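*Asks:* Need a 3D model of the sequence below.
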Amino acid sequence: MAKKLRASASPNKSPQRREGRFISGLVIGIIASAIFFSNQQRLLESSSALTSDGTSATAVTIEQKTVEAPPPIGDLEKIVAQCKPITEEERQGLQREIRDYEGQTRFHQKIQEVEGKRKTDAHHVAIDKYLKERVLRPGWSVLELGCAAGTMLQMVKRAYAAGIGDHGDFVGVELVTGWVRFAEKYFADKGISVFEGDITNFALPAPFAEKTFDFVMLNDVAEHIQKARYGCFFNKLREVTHEGSIVYVHTPNPQAQLVDAGQFYENVLPHHVFVTGMAYAKFELVALEQDVDTQCSDRRMIPQLPTMMQNTGCAMNWYPKYYHAVFRRVDGKKVFNLA
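*Replies:* Below you'll find the model as predicted:
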């Protein structure tokens with residue numbers, strides 16, 4: 001009976017209650033909608049402010065998902081153009097590093113390699129093969145920046161003698177004093193001149209002081225350039241080249257540099273940073289290829305990489321350890337302009 005009484009009593013109160021509930025629900029809905037759209041508007045305004053001001057934008061947060069914003073326009077240009085002077089403290093620190101390196105086994109192995117007392121490093125064999133098959137031309141003068149004890153200068157000179165043809169001067173620049181002293185004596189009667197200097201700020205003596213070179217090579221050197229002196233390097237590269245000069249670079253891939261940071265002044269140098277710097281210095285990219293010829297014990301590769309990379313002979317961090325890059329200096333051309 002109680003159930004029937006409660007059931008029969010509710011219709012008598014329902015009109016007022018239904019009306020009250022309807023009005024309350026309507027008010028709550030309006031307030032919730034206002035809050036929602038207000039939050040959305042603030043989010044849009046915040047997002048717009050972040051992305052429109054490239055100098056302060058770091059990320060835009062939408063629905064708890066972080067989306068990385070692009071770097072501020074002009075940052076890459078600043079990186080490749082910077083040329084900060086070396087302080088006296090930095091210079092002394094660098095000299096200490098060099099003296100320490102000269103006491104290590106790797107320093108002496110480079111000399112033994114030139115002398116033929118040690119097997120040629122695998123990456124030097126690969127560089128030699130690539131240059132002979134794809135780069136070198138008769139009649140070129142050659143400059144190597146960061147030539148160490150002179151292995152690659154010697155190998156390239158032998159390649160010319162073995163059939164490429166005539167050539168011009170062979171010159172090297174090296175920062176490590178011990179290698180320079182060895183090379184000065186060893187190559188004194190072999191037609192190769194090596195001088196001590198920082199590749200971002202050097203001056204060749206006579207008779208090379210005013211000369212430019214047809215071919216410049218950097219073999220596993222670019223990753224050691226100080227980050228605040230990329231602009232110095234690109235400026236110096238223009239000083240020692242002329243229109244049509246070819247620049248060859250062999251260096252570890254960024255993936256390898258990430259796990260090989262213990263080397264002497266090792267930096268992670270992304271491909272696009274170096275290519276952009278070369279473009280600003282008016283060197284167009286001719287080729288950028290993975291080094292598949294260097295042989296080492298680790299050949300494990302990421303399965304998703306293209307077939308052309310699966311055949312590499314040396315991997316590090318599941319990626320080809322090295323790459324080749326070739327550039328040509330092009331002055332007064334519009335190939336660098338987006339048109």
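*Asks:* which residues sit against the helix or strand hosting Met152?
*Replies:* Using DSSP states H and E, Met152 falls within helix 151-159. The contact list for helix 151-159 (C-beta atoms under 8 Å, 6 or more residues apart in numbering) reads 110, 113-114, 120-121, 124, 127-128, 131-132, 136, 142, 144, 147, 167, 170, 172, 187, 190-192, 194, 217, 219. To be clear about C-beta, it is placed using only N, CA and C from the backbone, and glycine gets the same treatment.
*Asks:* and if you look at stretch 178-188?
*Replies:* Applying C-beta under 8 Å, 6+ apart, the contact partners of stretch 178-188 are 102, 107, 110-111, 114-115, 147-150, 153-154, 172, 174, 192-196.
*Asks:* mind listing the helices for the stretch 101-250 of the chain?
*Replies:* Shown for the stretch 101-250 of the chain, the helices assigned by DSSP state H, counting those that start in this stretch span residues 105-115, 122-134, 151-159, 177-186, 230-239.
*Asks:* Would you mark the buried spots in the fourth one?
*Replies:* Using 16 or more other C-beta atoms under 10 Å as the test for burial, helix 177-186 gives 178-180, 182-183, 186.
*Asks:* can I get these in JSON lines with pLDDT?
*Replies:* Below are those laid out as JSON lines (pLDDT from 0 to 100):
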{"residue": "Gly178", "pLDDT": "97"}
{"residue": "Trp179", "pLDDT": "98"}
{"residue": "Val180", "pLDDT": "98"}
{"residue": "Phe182", "pLDDT": "98"}
{"residue": "Ala183", "pLDDT": "98"}
{"residue": "Tyr186", "pLDDT": "98"}
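*Asks:* Kindly reformat those residues as CSV and extend each row with distance to Val240.
*Replies:* Below are those laid out as CSV (distance: C-beta to C-beta, whole Å):
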residue, distance to Val240
Gly178, 24
Trp179, 20
Val180, 18
Phe182, 23
Ala183, 18
Tyr186, 23
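*Asks:* ok, so of these, who is nearest Asn235?
*Replies:* Val180 (22.9 Å; C-beta to C-beta).
*Asks:* give me the beta-bridge partners of the residue lying closest to the closest one once chain neighbours are set aside?
*Replies:* Excluding the flanking residues, the one nearest Val180 by C-beta to C-beta, 6 or more residues apart in numbering is Glu196, at 4.3 Å. When bridges are called by DSSP bridges, Glu196 pairs up with Glu174.
*Asks:* And Glu196, how far from Arg329?
*Replies:* 26 Å (C-beta to C-beta, to the nearest Å).
*Asks:* more neighbours, these two?
*Replies:* For Glu196 versus Arg329, the count of surrounding residues by other C-beta atoms under 10 Å is larger for Arg329: 20 against 15.
*Asks:* residues contacting that one?
*Replies:* Arg329 makes contact with 238, 241-247, 282-283, according to C-beta under 8 Å, 6+ apart.
*Asks:* Perfect, I'm done here.
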